[in-house]
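1. missing the sequence, but the structure's below:
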């Protein structure tokens with residue numbers, strides 16, 4: 001089944017990607033990917049018999065989710081780990097109604113987080129203006 005390419009997903013889909021390919025696809029350095037493996041237990045590429053990391057498509061998707069949380073949404077590593085753990089836990093054992101409310105709650109938290117980040121940026125801008133006088 002061919003995948004549709006978006007701005008955040010790789011354009012080709014295959015069984016396994018080596019770390020260099022994932023690095024190019026996600027625009028991240030290999031050392032960042034190796035570090036994230038230690039910080040995010042849900043990111044666990046398989047190792048070949050020669051010890052090379054082999055990322056599955058779901059690993060690449062997880063890397064992109066982590067990157068979005070850390071770089072775009074401003075999560076800390078601990079916060080992103082907790083967010084992903086909560087999302088995975090919510091998706092595994094809940095009924096459809098419970099999952100819907102969890103999505104609504106997650107959207108409200110994301111909106112609140114964005115509002116707080118905007119407020120922080122505005123306050124920093126005001127502080128900069130005040131310090132110039």
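-> Here it is on my side, so go on. For clarity, every value in this text was computed on a predicted model and none was experimentally measured. Numbers count the residues shown, from 1 in each chain.

2. pLDDT score for residue 9?
-> Residue 9 carries a pLDDT score of 52 in this model.

3. sorry, that was for residue 100
-> For residue 100, the model assigns a pLDDT of 56.

4. ditto for the one 10 residues further on
-> The predicted structure scores residue 110 at 62 on the pLDDT scale.

5. And the strands in this protein?
-> For the chain, applying DSSP state E gives strands covering 17-18, 46-47, 53-55.

6. Pipe the ones you listed into CSV and attach mean neighbour count, mean pLDDT and distance to residue 35 per row.
-> C-beta: built from backbone N, CA, C; applies to glycine. CSV is the format used below for the strands of the chain (neighbours: other C-beta atoms under 10 Å; pLDDT from 0 to 100; distance: least, C-beta to C-beta, whole Å):
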stretch, mean neighbour count, mean pLDDT, distance to residue 35
strand 17-18, 19, 92, 17
strand 46-47, 10, 90, 17
strand 53-55, 20, 92, 13
